[in-house]
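[1] fold the following and give me the result.
(4 chains)
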Protein chains: 4
Amino acid sequence: MTEPAPPHGYTPRKDSHLKRLRRVEGQVRGLQRMVEEDKYCIDVLTQVSAMTKALQAVALTLLDDHLGHCVVDAAAAGGPDAEVKLKEASDAIARLVRS
Amino acid sequence: MTEPAPPHGYTPRKDSHLKRLRRVEGQVRGLQRMVEEDKYCIDVLTQVSAMTKALQAVALTLLDDHLGHCVVDAAAAGGPDAEVKLKEASDAIARLVRS
Amino acid sequence: MTEPAPPHGYTPRKDSHLKRLRRVEGQVRGLQRMVEEDKYCIDVLTQVSAMTKALQAVALTLLDDHLGHCVVDAAAAGGPDAEVKLKEASDAIARLVRS
Amino acid sequence: MTEPAPPHGYTPRKDSHLKRLRRVEGQVRGLQRMVEEDKYCIDVLTQVSAMTKALQAVALTLLDDHLGHCVVDAAAAGGPDAEVKLKEASDAIARLVRS
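    A predicted model of the protein is given here:
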């Protein structure tokens, strides 16, 4: 799959994002196994907290790439697109902070 | 796999926990697909926020069951075990609030 | 101000809660001063994060006291009040996790 | 107090930030009163959650202003300062998401 031009800011770190997401998938499968085997709730909860932190780390690196590429490029180009990109980024940050 | 006595508080709602966790697994696979297909970062982030909320919901129902069974039972029985269970629950809540 | 019987679980640690809350008040006044003096936004944000953590710590110790007194006492007494207290505590935990 | 040039991005919305922070101060004083009067812990916790949300709202509007002014201006100017500003903003976002 060749890409003539990387369409989004996270493409350079795509492999690293995918690796992290596969690890998160491993964590959620591990959680299912724990529940199936009636593991102690507190241990299950500890894993849920670890998984939430892993997901936040994915979100923060995606956001980094987005700010550093899409938003900065739009800002450098100026015009109404910069406003739109900023508004989008702010809304995404608000969702992350509140989730 | 027969269980003579359900060992932990979440056993009654085990199926519901497993169903939620499978849905979370579906979400993380969906995220991988989005990153592979270079979907727009903001859309990926929106999905990450949704998945974080789904995970929190799993954690809160697990915790509910734990408080309503293990902790309440230990409290009713009294003795040092009640203290231990409470401390464990408090620590788990602190991890959730901070993650 | 004499109290014939401490009405709620946090009374024993009341002074410690008040001390923490006064420190949080000091933090929010410090933030006002920073904004008034046009301090650098990033430094203001760092202080907001510190204050949020301080508030969470207050919430977690209040919750600890509540679980260890009101909820445990209701559980030991049994009956419908135990259910009510647990539901209340779960809802409060959910609000903390989501905020 | 005249300002020849507003030094930071939040100056235009300074009054609105200060108003919000004064409301947060009112909330923390209200919390102290509740604890002093031995109000029910769950009601105190509800107020702590409301106050945490109010603080997050302050943080998100400060961050908005910062991204929309300092970061965008640095990005438009280009050069190493843009990198520095972005890194700072990312770190501040990470602190908010984790707190």
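[2] now do residue A:9, the pLDDT please.
    On pLDDT, residue A:9 comes in at 57.
[3] what does residue A:12 give?
    70.
[4] counting neighbours, what do you get for the closest residue to chain C within chain A?
    Closest to chain C within chain A is residue A:98: 7.5 Å, counting by CB to the nearest CB. No exception for glycine: its C-beta is placed from N, CA and C like everyone else's. Burial measure for residue A:98: 16 neighbouring residues, criterion other CB atoms under 10 Å in any protein chain shown.
[5] please apply the same query to residue A:23.
    14.
[6] next one: residue A:54
    Neighbours around residue A:54, by other CB under 10 Å: 17.
[7] next: the one 5 residues further on.
    Using other CB under 10 Å as the criterion, residue A:59 is surrounded by 25 other residues.
[8] try residue A:73
    When neighbours are defined as other CB under 10 Å, residue A:73 has 14 of them.
[9] so where does it fall, helix or strand?
    helix A:72-77 (DSSP states H and E).
[10] what about that helix, distance to the chain center?
    22 Å (CA atoms, centre = their mean, to the nearest Å).
[11] separation between residue A:50 and residue C:93?
    Applying CB to CB, to the nearest Å, the value for residue A:50 to residue C:93 is 19 Å.
[12] swap that for residue A:47, sorry
    18 Å.
[13] just residue A:70 next, same as before
    Separation of residue A:70 from residue C:93 (CB to CB): 37 Å.
[14] cool, residue A:93 as well?
    25 Å.
[15] now swap in residue A:42 and tell me
    For residue A:42, the distance to residue C:93 - CB to CB - is 14 Å.
[16] so the two - more neighbours on which side?
    residue C:93 (24 against 18).
[17] so that one is in which element?
    Assigned by DSSP H and E, residue C:93 falls in helix C:80-98.
[18] same thing with residue A:59?
    Per DSSP H and E: helix A:41-66 holds residue A:59.
[19] got the angle between that helix and helix B:80-98?
    10 degrees (axes from the mean of the first three to the mean of the last three CA atoms, to 10 degrees).
[20] residue A:84: how many residues sit nearby?
    11.
[21] let me fix that, I meant to ask about residue A:78.
    Residues near residue A:78, counting by other CB under 10 Å: 12.
[22] so it touches residue D:76, yeah?
    Yes - in terms of CB atoms under 8 Å, residue A:78 counts as a neighbour of residue D:76; the distance is 6.6 Å.
[23] do me a favour and average the pLDDT over the helix holding residue A:59.
    Averaging pLDDT along helix A:41-66 yields 94.
[24] and it, what does it pack onto?
    helix A:14-36, helix A:80-98, helix B:41-66, helix B:80-98, helix D:80-98 (3 or more CB pairs under 8 Å, 6 or more residues apart in numbering or on different chains; DSSP states H and E).
[25] identify whichever of these lies nearest to residue D:29.
    Judged by CB to CB, the one of the helices and strands packed on helix A:41-66 that comes nearest to residue D:29 is helix B:80-98, at 23.4 Å.
[26] near chain A at all, the closest one?
    Yes - using CB under 8 Å from any CB of the partner chain, helix B:80-98 reaches chain A at B:88-89, B:92, B:95-96.
[27] quick check, nearest of those to residue C:13?
    Distances from residue C:13 to the residues of helix B:80-98 next to chain A, taken by CB to CB, are shortest for residue B:89, at 17.7 Å.
[28] grab the nearest non-local neighbour of the residue positioned nearest the centre of chain A.
    Nearest to the mean C-alpha position of chain A, by CA atoms, centre = their mean, lies residue A:59 at 2.5 Å. Nearest residue to residue A:59 in three dimensions, chain neighbours excluded: residue B:48, at 4.5 Å (CB to CB, 6 or more residues apart in numbering or on different chains).
[29] give the contact list for that neighbour.
    A:55, A:58-59, A:62, A:96, B:31 (CB atoms under 8 Å, 6 or more residues apart in numbering or on different chains).
[30] among those residues, which two are most distant?
    Across the contacts of residue B:48 (CB to CB), the longest gap, 14.2 Å, separates A:96 and B:31.
[31] who's more crowded, those two?
    residue B:31 (26 against 23).
[32] show me what contacts that one?
    A:21, A:58, B:44, B:47-48, B:51.
[33] and if you look at residue A:88?
    Neighbours of residue A:88 in contact, by CB under 8 Å, 6+ apart: residue B:42.
[34] stretch A:75-85 near chain D at all?
    Yes - using CB under 8 Å from any CB, we find that stretch A:75-85 touches chain D at A:75-76, A:78, A:82.
[35] which parts of that stretch are buried?
    For stretch A:75-85, burial by neighbour count (16 or more other CB atoms under 10 Å in any protein chain shown) applies to A:75, A:82, A:85.
[36] hang on, isn't the second one packed against residue A:75?
    Yes - counting by CB under 8 Å, residue A:75 is a contact partner of residue A:82 at 4.8 Å.
[37] any shared contact partners between these two?
    With CB under 8 Å, 6+ apart as the test, residue A:82 and residue A:75 both reach residue D:72.
[38] can you get me the start-to-end distance on stretch A:28-42?
    Using CA to CA, to the nearest Å, the end-to-end distance of stretch A:28-42 comes to 16 Å.
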